[in-house]
Structures are given as C-alpha cells and as structure tokens.
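1. Need the 3D shape of this:
(2 chains)
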Amino acid sequence: QQQVKQSPQSLIVQKGGISIINCAYENTAFDYFPWYQQFPGKGPALLIAIRPDVSEKKEGRFTISFNKSAKQFSLHIMDSQPGDSATYFCAASRGDYKLSFGAGTTVTVRA
Amino acid sequence: DAGVIQSPRHEVTEMGQEVTLRCKPISGHNSLFWYRQTMMRGLELLIYFNNNVPIDDSGMPEDRFSAKMPNASFSTLKIQPSEPRDSAVYFCASSADRKAFFGQGTRLTVV
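-> Below is the predicted model:
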C-alpha cells in the first residue's frame, strides 16, 4: 500500500519550460515532505523539502507548493534545463523516521 | 565529509550464496536506513536504525535478510541464501535533522 501517490510517471518538457510533478498523501500525521532527485547510477539526492506550516517554498528554480487541506503537494521546475533530466521522487515522513516515497517521475528536458 | 559510503558498488553472485553489503554513514548522523530499489516496487524501506538500535525491520522481506549496526560508523545488510528475486539496487542512507542522505548504492545481481 503506497502511502504517497505520485504523478505523472514521466514527462517531457522543452528547455525553458515548466515541469510540474504532483503528489498526494493520506496520512495526516506526516509532517515533513522532501523531494529527491536521482540520476542514473546514483543515489537519490535531497533537492528541497517543506513542512505543512507553509504553503510554498522556493529554492532557485525549484518550488514546492503545499495544500494541507487537499493533502497534496507539488514540485515545479522553472526554466527547465537538460541537466534537470532525472527521476524525481516525492516523499513524506512523520517524526525523525522513515520516508515513504512516491513511485517517481522521469523528467526529460529536450534541448 | 565524503557522504554515505557503500561497498561494493556492484555484486554478482550465484543463487544460494551469502551476500554482505556494507555502509559507512555520515559522521554524527544518528539514523540509518537500508532501502531497496527495483523497477517494480520502487524505493522500499527494509530496516531503520536509531542510535545503532534497530527500530523497525518490518520491511525486511524474509528471514534470509538480516542487518546489523555494531557501531555508529558501520552497518551491514546480509542476504543468506541469496535468490534471483533479490536482484536490485540496495541503498544505505543516514540522516540528521530530518534530512536523509543516500549512498551511491550497491547493484546486486543474483544469477
């Protein structure tokens, strides 16, 4: 039973475009929502994270939007670049404890 | 800090053999996780240690899997006997302040 549902499975975007990945969760006890970026042959790397007391967090070209009432959060990649081509995972956790990961979204940025 | 260090990076073994995967967490991190990644099941948590003590091993597939953390700087994941369905990439991650950092992974192939 997957606790975090992620969509789409894959997306293709033109260089300079916006990539949007969505996640939904059920467990209201979750209080930490990170996004990880994974390149082939590498481990997932923490990209950006948000807590439910804020609705948006921005770091460079990456923005998390969080909707607590809808139990949804999303990652926006602005001005997408070929180097952003990777698999992105949303995750959620409660306490300093295990991360429940979404299924992942493969992003391809076309030059 | 060199990050989370895993060894070996690749392991090919025959069915029935014992396999030991190793992990050196980031110094000062008090939580350690073993994850398994496959195309079919995504990222699955196998076991979670806090301050070297196993807290949750509910993700360990079966008794063939065991994990130890004898001290704060070393952990092992052992599979005995190994089976072809154990083929996957195994990640170790350590965390502090909710931020989890992953190693490069061990790609295990059981033939």
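2. quick one: contacts for B:M69?
-> Listed by Cβ atoms under 8 Å, 6 or more residues apart in numbering or on different chains, the contact partners of B:M69 are B:L32, B:F49, B:N52, B:V53, B:P54, B:S75. The C-beta positions use only the backbone N, C-alpha and C, and glycine is treated the same way.
3. let's see 10 Å
-> Going by Cβ atoms under 10 Å, 6 or more residues apart in numbering or on different chains, B:M69 touches B:23, B:25, B:32, B:34, B:47, B:49-54, B:75-76.
4. Same question for A:S10.
-> A:T87, A:G104, A:T105, A:T106, A:V107, A:T108.
5. Let's test this: mean pLDDT of stretch A:92-111, rounded?
-> Mean per-residue pLDDT for stretch A:92-111: 90.
6. A:A29 and A:K71 touch, don't they?
-> No: with contact defined as Cβ atoms under 10 Å, A:A29 does not count as touching A:K71 (11.4 Å).
7. Please say which of these two ends up with more neighbours.
-> A side-by-side neighbour count of A:A29 and A:K71, using other Cβ atoms under 10 Å in any protein chain shown, places A:K71 first with 16 against 10.
8. could you list every residue that touches that one?
-> Here A:K71 is in contact with A:C23, A:A24, A:Y25, A:E26, A:N27, A:T28, A:F30, A:P52, A:A92 (criterion: Cβ under 10 Å, 6+ apart).
9. most neighbours, which of those residues?
-> A:C23 (26 neighbours).
10. got a list of what that one touches?
-> A:4-7, A:33, A:35, A:64, A:66, A:71-75, A:88-92, A:101-103, A:105.
11. Kindly recompute the last result at 7 Å.
-> Neighbouring residues of A:C23 by Cβ atoms under 7 Å, 6 or more residues apart in numbering or on different chains: A:V4, A:K5, A:Q6, A:Q72, A:F73, A:S74, A:C90, A:G102.
12. any idea which helix or strand comes after whichever strand or helix holds the second one?
-> Same thing as A:K5. Taking DSSP states H and E as the definition, one finds A:K5 inside strand A:4-7. Downstream of strand A:4-7, the next assigned helix or strand under DSSP H and E is strand A:10-14.
13. Residues contacting the host helix or strand of B:R107, please?
-> Taking DSSP H and E as the criterion, B:R107 maps to strand B:106-110. Around strand B:106-110, the neighbours that count as contacts under Cβ under 7 Å, 6+ apart are B:6, B:8-13, B:15, B:19, B:21, B:82-84, B:86-90.
14. how many neighbours does B:L108 have?
-> 21.
15. can you map out the helices along the chain?
-> Looking at chain A here, since you left the chain open. Secondary structure of chain A by DSSP state H: no helices are present.
16. I was after chain B.
-> Under DSSP H, chain B gives no helices.
17. Next to chain A in this structure, residues from it, please.
-> Within chain B, the positions adjacent to chain A are B:31, B:33, B:42-43, B:45, B:48, B:56, B:91, B:98-105 by Cβ under 7 Å from any Cβ of the partner chain.
18. From the residues you listed, which one has the minimum pLDDT?
-> B:R98 (87).
19. Quick check on that one: phi, psi?
-> phi 70, psi -10 (degrees, to the nearest 10).
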